[in-house]
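Chemist: Sequence below, structure please.
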Amino acid sequence: MTDRYFNPFQGIDVSVPTEFHADVIRYSQKEGKAVIDNSPFPRVVNMWFFAMCVAARRGLPPADLGGRDTRKIIEGSIFGGDPWRVHAIMLIAVAHAGSIDIVSEPRRMMATANGLAVSGFPLVIEMMRDGEGDPIWNLSDAVEKLVAEDVKT
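Modeler: As a prediction, the model looks like this:
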């Protein structure tokens, strides 16, 4: 299971509610003319992963996507190129579930991770918009504050 190329999320699509889709595209360098100051995330997966981490850091519950209109943003196969993300997602899912048994359920792990990302999107979008600078500088300031926060365990 520690194989460098292990990816239990291979056949799982990752979707977001449609209300976040435009922002995910806007703040990711998905389009050829994207400027890093305005689109700080090199890939959609980077923004999704960061949103998941922000939600986990803040102790937010995963959003329930049931009944919401969603759009696919990435395929689970993308995690094969970044194996460390697989391990991070697994660790976050274990911490959230309170049991290691969840590692045998990739869809449940991804549902937790995606629910956390959806919970984190409003915070991440606010981070980029809140401030007087370009999104990348606003985000940088917000991350500095986030890292300095006391974590309640």
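Chemist: Farthest out from the centre of the protein, which residue is that? Tell me.
Modeler: Largest separation from the mean C-alpha position in the chain: E132, at 24.7 Å (CA atoms, centre = their mean).
Chemist: Quick check: phi and psi on that residue?
Modeler: Backbone dihedrals for E132, given as degrees, to the nearest 10, come out at phi -100, psi 0.
Chemist: who's in contact with it?
Modeler: For E132, the contacting residues are N138, by CB atoms under 8 Å, 6 or more residues apart in numbering. (Each C-beta comes from the backbone N, C-alpha and C, glycine too.)
Chemist: got a pLDDT number for it?
Modeler: E132 carries a pLDDT value of 90.
Chemist: Could you check the pLDDT of N38?
Modeler: Predicted confidence (pLDDT) for N38: 88.
Chemist: Tell me if I'm right that it and G133 touch.
Modeler: No. Checked against CB atoms under 8 Å, the pair N38 and G133 is beyond contact range at 10.7 Å.
Chemist: Count the residues that sit near A34.
Modeler: Using other CB atoms under 10 Å, A34 has 17 other residues around it.
Chemist: Look up phi and psi at it.
Modeler: Torsion angles, degrees, to the nearest 10, at A34: phi -60, psi 140.
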